[in-house]
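Student: What shape does this take:
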Amino acid sequence: EPYASEWSSSSLHSFYSNEHLHADDVDPMPDLEKGWGMPSPPCCGSVVPYAHTRQAPPFTRVITGPTVDVWQPKQKDMDVVAPGRIADLTAWVNSSTGNVVLEWTAVGSDRDWGRAHHYVAAVTSSKAQAANACTGKQLKGLPHPAPAGEREEAAVDLRVNDKKTLFVCMRAVDASGNSGAPSNAAPVWLPRPPATDRVTLRDQRL
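Tutor: The predicted structure is shown next:
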């Protein structure tokens, strides 16, 4: 009450208060087991909760959440597998027609499976060019590819010079534009006609 009266007066007197608290008969080792896991006794109008904790073993927690739909526009399937390589191409000249006949075994659109879309063939005087790049003069008259494993044959219009060996090569191409490796280089030439003995004609007339 004296403090309250001095504080409320308008004389603005300063005051100081020195207070000393003494605690007697305090147990230095309190019994902590009492109230273990229970709230502590009330203090100053409040209750401080105290809960005992223990280390938990490893565990897995599964929480079920909402469903998420990931939408992506449908894209055309990309074909990255090329047709197989033609390895048994042969070429020979049909003497009766003058055309060059090509023979080979069909390959698939994906290696040796399926059916290719079309063939590309070329002729060149360089064996290395035919075997490595299969470039040169393009040949026409090739058939639509048969299923893989079947025998193929085509007669192409190619004038062969009997003094020069030419090389024919071929590739299989699938519907996605993937080209197979160049085939073996097939040589082709026009055989010379067989030589004849010299014939001497004499006039036997008298």
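Student: Check the spacing between Val156 and Ala172 real quick.
Tutor: Separation of Val156 from Ala172 (C-beta to C-beta, to the nearest Å) stands at 16 Å. C-betas here are computed from N, CA, C, even on glycine.
Student: can you check Ile63 too?
Tutor: Ile63 is 55 Å from Ala172, by C-beta to C-beta.
Student: which regions of the protein sit below the pLDDT cut-off?
Tutor: 1-48, 50, 72-77, 161-162, 190-206 (pLDDT under 70).
Student: Could you rerun that using 50?
Tutor: In the predicted model of the chain, residues 1-23, 32-36 satisfy pLDDT under 50.
Student: Which stretches in it count as helices?
Tutor: 2-8, 127-132 (DSSP state H).
Student: Pull out the buried residues from the last one.
Tutor: Taking 16 or more other C-beta atoms under 10 Å as the neighbour-count basis, helix 127-132 is seen to contain the buried residues 129-130.
Student: one step back: quick one, which of Ile63 and Ala172 is more surrounded?
Tutor: Legend: neighbour count by other C-beta atoms under 10 Å for Ile63 and Ala172, higher for Ala172 (27 against 4).
Student: how about Gly98, what does it touch?
Tutor: Taking C-beta atoms under 8 Å, 6 or more residues apart in numbering, we find Gly98 in contact with Arg159.
Student: And it, how far from Asp157?
Tutor: Distance, Gly98 to Asp157, using C-beta to C-beta: 8 Å.
Student: And Asn184, by the same measure?
Tutor: For Asn184, the distance to Asp157 equals 22 Å [C-beta to C-beta].
Student: Count the residues that sit near Asp157.
Tutor: When neighbours are defined as other C-beta under 10 Å, Asp157 has 11 of them.
Student: Which residue, neighbours along the chain excluded, lies closest to it?
Tutor: In space, and not counting its chain neighbours, Asp157 is closest to Asn99: 5.9 Å by C-beta to C-beta, 6 or more residues apart in numbering.
Student: Likewise for Ala82?
Tutor: That would be Asn178: by C-beta to C-beta, 6+ apart, it lies 4.0 Å from Ala82.
Student: Check Ala155 too.
Tutor: In space, Ala155 is closest to Asn99, 4.4 Å off (C-beta to C-beta, 6+ apart).
Student: Pull the number of nearby residues for the one you found.
Tutor: Neighbours of Asn99 under the rule other C-beta under 10 Å: 17.
Student: my guess is it meets Glu153, correct?
Tutor: No - counting by C-beta atoms under 8 Å, Asn99 does not reach Glu153; the two are 11.4 Å apart.
Student: on that earlier part again, the residue nearest to Ala155 and Thr90: what is the separation?
Tutor: The gap separating Asn99 from Thr90 is 14 Å, by C-beta to C-beta.
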